[in-house]
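Chemist: After the sequence you'll find the predicted model.
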Amino acid sequence: MIPDFIDETALNIFVDGSSLPGPRRGGLGIRHVWVDAHGHEQSETEPFPYSHEGASNNQMELEAPIQALKTALGRHPPIDLADVTKIIIYSDSRYFVDNLYNARKVWPNTKWHRSGGAPVDNVRQWMELRRLCNRANQRHRLRVVPTWIPGKKGEYAKSVDKAAKRAAKSILKTKIDHQQVRRKWSPLEVTEGCIRPRGQTEFIRIVTDKQVGRNRVSKHIYEVVNEASPDHQLVDYGYTGLVLKAGHVYKVLFNDEATNARILEAEEWPKQRRFWDATVARRAAIVDALRYVGVKGVLLKAAEQGRIKEVACSMPTCLCPEGAGGRHYFERKVHPPIDWMPTPDHYPVLKKDDGKLTVDNVRLAHRICNRVDYAIQTGKPYQRDLDRVAEWERRWHAVREF
Ligand SMILES: [Zn+2]
């Protein structure tokens, strides 16, 4: 018999997946082949005595290289990877061989959609394959090369085909599951339904990702990392047709059906905890500074929720001269009130439009800037206020020159 063609400088892996109907189940076969230090061709069939419940043929064709790479890159590889130049995976699946490049280089940029716009099937498996190929590259400087071979031709292809069919019939069962789990940042436990979908934009971090069913819907455990949110640190389940990865942070848009929570849109944000901790630290510094100048009540509450982004007068026109500190200059609150002390301004719904002073309808302002703005809005005189600003500015410069 003519020996199978293999690359003598590579770790050669022959894989096959199979699927049986009624009830549907799959099996996989893996055989590692290499040339040892003495020039002998060596091979090892990986024992895989499980059938995969509900798995389709394509899923098994992906699962075989996944498991093969996990073994090759794991703690007990069949050979020392330092001795080979690449990893070649031989498969009779066009689905696997033709799409591995897409999974590595194309789909991550299309948010896992095919060029026609349809979401990629078996996306968790493709992501896992991508992760393993990247690991081979980064840790071992090895390329993973998929190579198509005709099925059941040659000793190795035949042996993995047989192994896959045998595994599919096995009474030992398992499921394809590439769920990723990350440690929560929040001290709270997951509570189903604790976050009410109300069409809100939110910053969430995915704790687990899991594809449920074959309808491309994923069920995630996620936590709210935005300290400005009333739901900050709550941990809940969420459903989405989007591909969201465990350990990553997204700016998402929720639907507003209370009984059917869905994440409709998602945009990736920095996933480093220190980035989000820094935003918490910044918020605390703003709260401290506001307290120091005597801010209390709704404005302080808004700051505590991270809604006040800087200690600055946020009126459209700030009258405080730049030389004196401009928008950032505040004097401590006293009685009777003085011009440059902090006040809450009704915003975005203005006072003249019956806006109420609440944590989500307030911004920080100089008292005098606030007064003049309100006078302009309501057609009242404000020349005396402007005169006072001019006088104050004159005195300010006089003091500086002295
Ligand atoms: Zn101002």
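Modeler: Structure's in. What do you need?
Chemist: pLDDT weak spots in this protein?
Modeler: For the chain, the stretches with pLDDT under 70 are 1-3, 211-216, 400-402.
Chemist: Repeat the analysis, applying 80 as the threshold.
Modeler: Segments of the chain classed as low confidence (criterion: pLDDT under 80) are 1-4, 177, 179, 210-217, 228, 259-260, 399-402.
Chemist: ok, which residues in it are in contact with the ion?
Modeler: Residues of the chain found near the ion (CB under 5 Å from the ion) are 313, 318, 320, 366, 369. Placement of C-beta: from N, CA and C, glycine included.
Chemist: Report the contact partners of residue 359.
Modeler: 298, 301, 302, 305, 307 (CB atoms under 8 Å, 6 or more residues apart in numbering).
Chemist: Most neighbours among the residues of the chain next to the ion, which one?
Modeler: residue 366 (28 neighbours; other CB atoms under 10 Å).
Chemist: Not counting sequence-adjacent ones, nearest residue to that one?
Modeler: Of all residues beyond its chain neighbours, the one nearest residue 366 is residue 313 (4.5 Å), with distances taken as CB to CB, 6 or more residues apart in numbering.
Chemist: Just to check, the one you found is in contact with residue 365?
Modeler: Yes. Using CB atoms under 8 Å, residue 313 is in contact with residue 365, at 5.2 Å.
Chemist: Could you look up the SS state of residue 209?
Modeler: Put simply, residue 209 is strand when judged by DSSP: H, G, I helix; E, B strand; the rest coil.
Chemist: What of residue 361?
Modeler: coil.
Chemist: Can you report how many residues lie near it?
Modeler: There are 18 residues near residue 361, going by other CB under 10 Å.
Chemist: And residue 11, by the same measure?
Modeler: 28.
Chemist: Quick check: buried residues in stretch 329-346?
Modeler: For stretch 329-346, the neighbour count (16 or more other CB atoms under 10 Å) marks 329, 330, 339, 340, 341, 342, 343, 344, 345, 346 as buried.
Chemist: oh sorry, the question was meant for stretch 165-181
Modeler: Buried, per 16+ other CB under 10 Å, within stretch 165-181: 167, 168, 176, 178, 180.
Chemist: In a helix, residue 263, correct?
Modeler: No. Read with three-state DSSP, residue 263 is strand and lies in no helix.
Chemist: List the contacts of it.
Modeler: Contacts of residue 263 by CB under 8 Å, 6+ apart are 204, 220, 238, 239, 240, 242, 244, 252, 253, 254, 255.
Chemist: what does the domain assignment say about the chain?
Modeler: 10-174, 180-271, 294-401 (automatic domain parsing).
Chemist: nearest to the ion, of the contacts of residue 263?
Modeler: residue 253 (33.9 Å; CB to the ion).
Chemist: pretty sure that closest one contacts residue 201?
Modeler: Yes. Residue 253 is in contact with residue 201 according to CB under 8 Å; the separation is 5.6 Å.
Chemist: neighbour-wise, which of the two wins?
Modeler: Just comparing residue 253 and residue 201: by other CB under 10 Å the higher neighbour count belongs to residue 253, 16 against 12.
Chemist: if we can go back for a sec, what about the contacts of residue 263, which are in strands?
Modeler: 204, 220, 238, 239, 240, 252, 253, 254 (DSSP state E).
Chemist: residues in contact with the second one?
Modeler: This means residue 220. Counted by CB under 8 Å, 6+ apart, residue 220 has contacts 206, 207, 208, 209, 210, 237, 238, 239, 240, 244, 263.
Chemist: Before I go, just wanted to say thanks for your time.
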